[in-house]
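S.K.: Dropping a prediction and its sequence here:
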Amino acid sequence: MTQPRDDDRDQAVDTSRPSIARVYDYWLGGNNHSAADRQVAAAMLARDPDLAQRVRDNREFVTTVAGRAAQQGILQFLDLGAGLPTHPAVHEAARAINPLARVAYVDNDPLVVSQARALLATEEGTAALSGDLRDPRTVLLEPALVGVIDLSQPVCLILAAVAHFLPAAQAAELIAHYMARLAPGSWLAVSVAHFADEELLTRLYAMHTTAPFQNHGITEIASFLGGLELIAPGIAEVRRWLSGIPGTPAEASASMLCCVAVKG
């Protein structure tokens with residue numbers, strides 16, 4: 001779910017330093033976090049009490065998309081910036097619908113990759129690989145990915161809580177590169193955090209420095225889609241999307257925005 005800064009990578013396994021991946025894990029109810037992570041998580045929640053719920057809503061979006069894609073016959077999933085393992089994982093949500101589903105988890109955080117290999121990539125048809133999502137050519141040629149993903153068949157590409165670490169133009173370009181390599185019928189699932197309250201964003205960002213946060217809104221998300229066709233309800237706040245309701249609450253100071261689109 002997160003993409004650390006380049007200069008964070010070598011320190012990602014140092015539990016004395018807070019890691020946003022482990023902070024997310026704490027908010028999701030996992031057990032892969034340290035005192036430093038919990039301290040940051042608590043401080044951020046003190047500023048934004050709804051933050052953990054938005055993170056959990058985002059996770060529900062991911063697993064719901066996996067299940068719906070499997071229902072539509074998509075059996076391959078590429079989870080970019082996958083984050084620390086949590087349950088249900090993407091392959092668990094998809095295989096609840098179709099046991100033949102195959103999933104490749106990609107992250108550039110060494111701790112995330114280590115945990116994913118130990119806990120997720122333990123069955124046939126699952127893989128966890130170290131890769132920088134900003135380098136789609138290299139990611140898509142990784143032997144571990146090629147071993148489970150057939151690019152000639154539809155794939156559900158997941159970028160959950162990742163694109164907000166990239167400028168809009170870069171995110172759009174990268175998504176276009178990935179989708180160009182995927183077969184017709186492939187899905188794209190995207191979610192980003194959005195702050196209507198810029199002051200709240202500034203306060204939260206000051207508490208934990210990751211890659212520079214980009215406050216993408218509906219216009220920016222739409223630019224990611226190129227010629228892809230949005231699936232109803234379109235670009236929406238996550239809880240509304242899960243309920244099939246378009247749009248975002250006007251009163252929300254912060255929200256998770258999401259969408260799913262299909263390649264024709």
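M.R.: Yes, it's here.

S.K.: How far away from the center of its chain is stretch 37-51?
M.R.: Stretch 37-51 sits 20 Å away from the centroid of its parent chain (Cα atoms, centre = their mean, to the nearest Å).

S.K.: Output that stretch as PDB, nothing but the C-alphas.
M.R.: Extracted in PDB, the C-alpha atoms of stretch 37-51 (Å, rounded to 0.1, in the frame of the first residue of the first chain):
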ATOM      1  CA  ASP A  37       5.400   2.700  14.700                       C
ATOM      2  CA  ARG A  38       2.600   2.700  17.300                       C
ATOM      3  CA  GLN A  39       3.700   6.100  18.700                       C
ATOM      4  CA  VAL A  40       3.500   7.600  15.200                       C
ATOM      5  CA  ALA A  41       0.100   5.900  14.500                       C
ATOM      6  CA  ALA A  42      -1.300   7.200  17.800                       C
ATOM      7  CA  ALA A  43       0.000  10.800  17.200                       C
ATOM      8  CA  MET A  44      -1.600  10.800  13.700                       C
ATOM      9  CA  LEU A  45      -4.900   9.500  15.000                       C
ATOM     10  CA  ALA A  46      -4.900  12.200  17.600                       C
ATOM     11  CA  ARG A  47      -4.800  14.700  14.800                       C
ATOM     12  CA  ASP A  48      -7.200  12.800  12.500                       C
ATOM     13  CA  PRO A  49      -9.400  10.300  14.400                       C
ATOM     14  CA  ASP A  50     -10.900   8.900  11.200                       C
ATOM     15  CA  LEU A  51      -7.600   8.000   9.600                       C
END
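
S.K.: which residues are contacting that stretch?
M.R.: Here stretch 37-51 makes contact (Cβ atoms under 8 Å, 6 or more residues apart in numbering) with 15, 18-19, 22-23, 25-27, 33, 52, 200, 203-204, 207-208, 254. The way it works is simple: take the backbone N, C-alpha and C, and place the C-beta from them, glycine included.

S.K.: So which bits of it are buried?
M.R.: In terms of neighbour count (16 or more other Cβ atoms under 10 Å), stretch 37-51 has its buried residues at 37, 40, 41, 44, 45, 48, 51.

S.K.: which among the residues you listed gets closest to residue 104?
M.R.: Ranked by distance to residue 104 (Cβ to Cβ), those are led by residue 37 at 26.4 Å.

S.K.: quick one: which helix or strand includes the closest one?
M.R.: Taking DSSP states H and E as the criterion, residue 37 maps to helix 35-47.

S.K.: Taking the centroid of the protein, which residue is nearest it?
M.R.: By Cα atoms, centre = their mean, the chain has its centre lying nearest to residue 160, at 2.0 Å.

S.K.: contacting residues for it?
M.R.: 1, 58, 59, 61, 62, 79, 81, 83, 189, 190, 191.

S.K.: hmm, back to that, tell me the one among the contacts of stretch 37-51 nearest to residue 104.
M.R.: Nearest member of the contacts of stretch 37-51 to residue 104, counting by Cβ to Cβ, is residue 25, at 20.4 Å.
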